[in-house]
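# Quick one, fold the following:
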Amino acid sequence: MAASEIYICTACGTESTKWAGRCDACGEWNTIEVKVNSVTGPTSKSLGRKRGTKIALTNLKFSESGLQREQSGFEEFDRVIGGGLVPASATLVGGDPGIGKSTLMLQVAAKFSTTGLSVMYVSGEEAAGQIQMRANRLGIAAAPVKLATETSLRDIRTTLEAERPALAIIDSVQTIWADFVDSSPGSITQVRAAAHELTVFAKRCGTAVILVGHVTKEGQIAGPRVIEHMVDTVLYFEGERGHHFRILRAVKNRFGPADEIGVFEMTGRGLTEVANPSALFLSEGREVSPGSAVLAGIEGTRPVLVEIQALVAPSPHAQPRRAVVGWDSGRLAMVLAVLEARCGVPFVGLDVYLNVAGGLKIHEPAADLAVAAALLSSREDVSLPEKTVVFGEISLSGALRPASKAQSRLKEAQKLGFSGAIAPVGKKSETVVGIDLVDVSDLSDFVGIVFGTSGLKKRKEAHE
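Coordinates of the predicted model:
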């Protein structure tokens, strides 16, 4: 029988019988590679008559003893994974190269091992001496962690079967090579095979497995996202290289809330926990200035105060610039359109720069009102009221929608010394002692209360 080559796209996994420069399925260029040499001929398209093994069946009754979480004492990490490590779980941790994933995982391994858990750390990227040198620098060299450096999936599985640790950390899944897959290490086929084998081992043997994965320049876990559905929890380790803090964010969690965050600070002795993230994202000892608004936000279950900074200036170009850091640029375009259409505040001929202080990335819609406040404050060169937080969602009609967990936001603001809040609450029960709450239901009312409609009208007439 004649042999034929099968080609596979390393970006999406689509197979074809001929090579092409561009994948027809996902549109990516130069991602087609040879998968395997196969022999043509008739193949079975069904299971046939061969019988399998009957599956054991159970009911829906839940037993607390089946979900005993193990806490590491690393409180920020335990918070993000839902309160502790669940046995037989599979977790994927992704992040940019050099952001500190290996440092975090080594510290997590040391924390769990000191609580009495058997922990195995397998590295496919570094030599044992390099890891030991880092552990010595971090002050965790005495932790009883079993260290291995290997890239062969077969050897790793055999060692895991023999050791049966309570926790196994694989750093990273892109370096693992499966000898039964004819593809280069790091390709989508290899990553999928390695993740599948390790996840099956976790479920069958009760070992919790943490896989480390790199993030591409598009911000997706390299592979790309084909293994996210295979694991129980997906965590992203985020941070800007110019800032000293890092954020561990849960984007998927079968055992706890998604969108939970843990905040760490990168120091010379590794990552340390940040007990009060709000103080980290606020400028201390500063005077209130135009273009600045404080958002009372929610990240997962945690209220976080963060400063929104805006700069609105005349544009020397025919096409004004719209630059955003830490927020959705499409959401900014919507807020600008609503301000112009519903409130009569034009931004034509003006450059707009928006920044979330501290490098934090905000995704919740309750930041709309704080962004609008910062934009108007910069445009009118008028500062917002001192010690005041702002939050609320803006609709296309100009109406303001109440944000969830308003009381938690207000309590966090009151704890940090803020005395006022402007938000569409709608419920008197959401008030907090020590906070002077201004309830607004429409964006035009907000503009009139905070900035005064007369001044805006004069500016609009002058602009026209």
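# May I ask you to confirm that K361 is in contact with E238?
Yes - assessed by CB atoms under 8 Å, K361 is found in contact with E238 at 6.6 Å. For every residue, glycine as well, the C-beta is placed using N, CA and C.
# Mutual contacts of the two, please.
Residues touching both K361 and E238 (CB atoms under 8 Å, 6 or more residues apart in numbering): I247.
# Looking at the two, which is more packed in?
Set K361 next to E238 and count neighbours by other CB atoms under 10 Å: E238 wins out with 20 against 16.
# who does the more buried one bridge with?
E238 has these beta-bridge partners by DSSP bridges: I247.
# Contact partners for it?
Counting by CB under 8 Å, 6+ apart, E238 touches G95, I99, R246, I247, L248, R249, K361.
# what bits of the stretch 251-400 of the chain have low per-residue confidence?
Applying pLDDT under 70 to the stretch 251-400 of the chain flags the ranges 283-287.
# Ignore what I typed, I meant the stretch 51-200 of the chain.
For the stretch 51-200 of the chain, applying pLDDT under 70 flags the ranges 63-67.
# 90 instead?
Applying pLDDT under 90 to the stretch 51-200 of the chain flags residues 51-69, 73, 95-99, 172, 174, 180-192.
# Can you show me the strands along the stretch 301-450 of the chain?
Ranges of strands in the stretch 301-450 of the chain, per DSSP state E, counting those that start in this stretch, are 302-314, 322-325, 350-356, 388-390, 393-394, 400-401, 420-423, 436-439.
# right, so the ones you listed: which one is the most enclosed?
Comparing those by mean neighbour count (mean count of other CB atoms under 10 Å), strand 388-390 comes out on top with a mean of 25.
# Which strands and helices lie in contact with that one?
When contacts are defined as 3 or more CB pairs under 8 Å, 6 or more residues apart in numbering; DSSP states H and E, strand 388-390 sits against strand 292-299, helix 368-380, helix 406-415, strand 420-423.
# Can you give me the buried ones in the second one?
This means helix 368-380. 368-380 (16 or more other CB atoms under 10 Å).
# Kindly reformat those as JSON lines containing distance to V119.
As requested, the buried residues of helix 368-380 are arranged in JSON lines below (distance: CB to CB, whole Å):
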{"residue": "D368", "distance to V119": "44"}
{"residue": "L369", "distance to V119": "46"}
{"residue": "A370", "distance to V119": "42"}
{"residue": "V371", "distance to V119": "44"}
{"residue": "A372", "distance to V119": "49"}
{"residue": "A373", "distance to V119": "48"}
{"residue": "A374", "distance to V119": "46"}
{"residue": "L375", "distance to V119": "49"}
{"residue": "L376", "distance to V119": "53"}
{"residue": "S377", "distance to V119": "51"}
{"residue": "S378", "distance to V119": "51"}
{"residue": "R379", "distance to V119": "55"}
{"residue": "E380", "distance to V119": "57"}
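# which SS state does G94 fall under?
strand (DSSP: H, G, I helix; E, B strand; the rest coil).
# Can you get me a residue count around it?
Number of residues near G94 (other CB under 10 Å) recorded here: 27.
# got a list of what it touches?
G94 makes contact with K101, V212, G213, H214, V215, I221, V234, L235, Y236, F237, according to CB under 8 Å, 6+ apart.
# just those now: which is nearest V122?
Comparing these against V122 with CB to CB places V212 closest, at 10.1 Å.
# Would you reformat the helices and strands packed on strand 388-390 as CSV and include distance to S72?
Shown next, in CSV, are the helices and strands packed on strand 388-390 (distance: least, CB to CB, whole Å):
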stretch, distance to S72
strand 292-299, 21
helix 368-380, 35
helix 406-415, 26
strand 420-423, 36
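# To V432, which of those lies closest?
helix 406-415 (4.1 Å).
# thinking again about what came up before, wait, which of the buried residues of helix 368-380 is closest to Q414?
For these, the minimum distance to Q414 (CB to CB) is 17.4 Å, reached by A370.
# Let me know the pLDDT of C9.
At C9, the model reports a pLDDT of 81.
# Burial check on it, number of neighbours?
Counted with other CB under 10 Å, residues neighbouring C9 total 24.
# Could I get the contacting residues of it?
Contacts of C9 (CB under 8 Å, 6+ apart): E15, S16, C23, A25, C26, E28, T31, I32, I188.
# of the buried residues of helix 368-380, closest to D439?
Closest to D439 out of the buried residues of helix 368-380 is L369 (12.2 Å), distances taken as CB to CB.
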